[in-house]
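# I'd like to go over a predicted model; first the sequence, then the structure.
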Amino acid sequence: MTSDALPVFSLPAALISCGYSLRPETGADAEFLLTLYASTREIELQAAPWTEQQKRIFLADQFRLQQHHYRTHIPNCSFELIALREAAVGRLYLEPRRTQLYVVDIALMPARRGQGVGTAIMRALQAAARASGRGVGIMVEKFNPALRLYRRLGFTEVADHEVYVEMEWLPEVF
């Protein structure tokens with residue numbers, strides 16, 4: 001294990017008591033992961049002048065490229081599924097860095113969004129980062145509704161990458 005090993009991170013007790021858990025992603029999760037990925041691109045693809053079949057092909061290609069990129073370029077990333085009573089409802093990909101826990105990706109299925117699950121996970125990540133003397137980083141698409149959540153949780157914009165904004169949360173230092 002490297003010096004950047006992920007500090008102990010677990011879901012908050014409130015989510016666990018509701019039946020939520022984290023588990024490592026496996027090859028058997030591919031269909032769920034593609035469905036989840038597609039759900040995060042729905043708004044963006046509404047305006048595309050493509051047939052449903054063209055959209056499915058595009059999404060499958062983009063998903064495959066994203067997965068390949070994550071696994072090729074982020075060797076220390078943990079790939080976990082967020083489950084509710086053993087059924088996958090989201091994903092949480094984390095890369096431990098020397099100065100921060102970097103959220104490579106966090107996504108929930110549409111039926112689980114807006115219920116406080118993402119907020120609870122992000123607060124737990126902030127607590128884990130604070131305990132290890134780190135911050136939390138994330139890259140967010142500018143049209144992503146979760147951008148409001150990150151700002152509310154104290155994340156600040158540190159760089160503009162055209163379609164994305166890079167954000168960081170730093171623990172208070174006394």
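Sure, I can see it.
# Start from the N-terminal end of the chain and give the helices.
Taking DSSP state H as the criterion, the chain contains helices spanning 13-17, 30-40, 42-46, 52-73, 117-131, 146-152.
# The residue lying closest to Ser78 once chain neighbours are set aside - how many residues pack around it?
Leaving aside its sequence neighbours, Ser78 sits nearest to Leu94 (Cβ to Cβ, 6 or more residues apart in numbering; 5.0 Å). From N, CA and C alone the C-beta is placed, and that goes for glycine too. Residues near Leu94, counting by other Cβ atoms under 10 Å, number 22.
# What residue, apart from its backbone neighbours, is nearest the most centrally placed residue in the chain spatially?
Residue closest to the average C-alpha location in the chain (Cα atoms, centre = their mean): Ile106, at 1.3 Å. Take Ile106 and drop its neighbours on the chain: the residue closest to it by Cβ to Cβ, 6+ apart is Leu92, 5.2 Å away.
# what is that neighbour paired to in the beta sheet?
Glu80, Ile106 (DSSP bridges).
# Which elements pack onto the lowest-mean-pLDDT helix or strand in the chain?
Lowest on mean pLDDT, DSSP states H and E among the helices and strands of the chain sits helix 42-46, with a mean of 87. Contact here means 3 or more Cβ pairs under 8 Å, 6 or more residues apart in numbering; DSSP states H and E; on that basis helix 42-46 packs against helix 52-73.
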